[in-house]
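> just a sequence and a predicted model for now, questions to come.
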Amino acid sequence: MSDFERRAKAAKKFGVYVLRLRERLGLSQSEFAARMFCHQTLVSRVESGSVPATAAFAAQMDVVAGAPGVYADRRTELFGATDPDWFKPYAELETRAISIVDYSPVLLMGLLQTPEYATAVYRARFAYETAEEIQARVDLRVGRQEVLARPDPPRLWVVVGAGVVRTRVGGGAVMARQLRHLLELGERPGITIQALRADDGAPPAHLPFTVVTDPDEAPASSRTRRAAGDHHPGAARGRRRTARALAVHRGHRSG
């Protein structure tokens with residue numbers, strides 16, 4: 001299911017909650033709108049699922065229903081950002097990794113992004129989403145960076161295309177903060193960030209990829225992701241003590 005489909009499905013389901021509440025209270029759309037401090041047209045569109053309910057709309061539903069937090073929580077459950085199913089195995093490996101090697105020719109990988117940079121990336125990728133939904137995605141991505149704050153953080157080696165540090169994602173101020181953040185990260189032991197210059201020759205790949213080394217001593221398992229939204233998992237097993245996951249996840253990086 002695409003993000004657009006997931007969002008549309010959530011909007012329709014929440015619309016049913018609105019309709020049921022209004023009917024339980026015995027109110028017309030206009031009467032319900034008056035209690036919601038909004039126009040009747042908005043109530044109609046939210047009920048039909050053509051417009052997703054905002055956090056403020058759900059909070060006012062709690063007031064009207066006399067049920068603090070109920071509808072706000074339901075909205076969060078429906079619209080809250082989650083990693084795509086195809087990405088979850090990689091995200092799990094990332095949490096217990098002992099080393100991460102990444103090549104990024106277009107955008108910085110999520111573990112290096114500042115909240116402002118991530119916001120700009122998501123706004124470009126999900127132009128139809130609300131500011132609240134974008135923020136939820138940003139919070140999810142920034143939360144993954146906690147792996148670098150572990151007592152035993154993974155060794156991180158990142159190579160980026162020279163254009164990555166020259167592209168003004170989010171504008172000059174946002175990119176300046178992002179570059180300062182990269183310099184700060186580069187000062188940490190175990191973190192290496194390098195730029196592949198034009199005169200360094202042919203790049204190792206034309207798509208981004210990440211290699212994660214897992215300390216698990218179980219038989220190795222690999223999972224490969226293709227870029228441009230074409231995510232086809234593949235599995236392989238061996239007797240190596242180190243499990244590696246190769247994730248070509250351009251979709252997650254730009255999405």
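Now that the structure is in, tell me what you want to look at.
> once you drop chain neighbours, what's closest to Leu78?
Leaving aside its chain neighbours, Leu78 sits nearest to Ala10 (3.9 Å; criterion: CB to CB, 6 or more residues apart in numbering). In short, each C-beta sits where N, CA and C put it, glycine included.
> confirm for me that the one you found is in contact with Ala58.
No - the pair Ala10 / Ala58 is not scored as a contact, 11.8 Å apart, by CB atoms under 8 Å.
> assumed the residue nearest to Leu78 was part of a helix.
Yes - judged by DSSP: H, G, I helix; E, B strand; the rest coil, Ala10 forms part of a helix.
> quick check: it vs Leu207, distance?
Using CB to CB, to the nearest Å, we find Ala10 at a distance of 31 Å from Leu207.
> neighbour count for those two, which is higher?
Shown here are Ala10 and Leu207; by other CB atoms under 10 Å, Ala10 has more neighbours (20 against 16).
> and the residue nearest to Leu78, what does it touch?
Going by CB atoms under 8 Å, 6 or more residues apart in numbering, Ala10 touches Pro52, Leu78, Phe79.
> switch those residues over to a markdown table; also include distance to Thr167 and pLDDT.
Supplementary listing: those in a markdown table, determined by distance: CB to CB, whole Å; pLDDT from 0 to 100:
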| residue | distance to Thr167 | pLDDT |
| --- | --- | --- |
| Pro52 | 31 | 87 |
| Leu78 | 34 | 84 |
| Phe79 | 30 | 79 |
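> take those residues and keep only those in helices.
Under the assignment DSSP state H, the contacts of Ala10 contribute Leu78, Phe79 to helices.
> neighbour count and distance to Ala131 for the contacts of Ala10 - can I get that in CSV?
Converted to CSV, those look like this (neighbours: other CB atoms under 10 Å; distance: CB to CB, whole Å):
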residue, neighbour count, distance to Ala131
Pro52, 23, 12
Leu78, 19, 17
Phe79, 23, 12
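> and the contacts of Ala10, which is closest to Phe14?
Phe14 lies nearest to Leu78 out of the contacts of Ala10, by CB to CB, at 5.6 Å.
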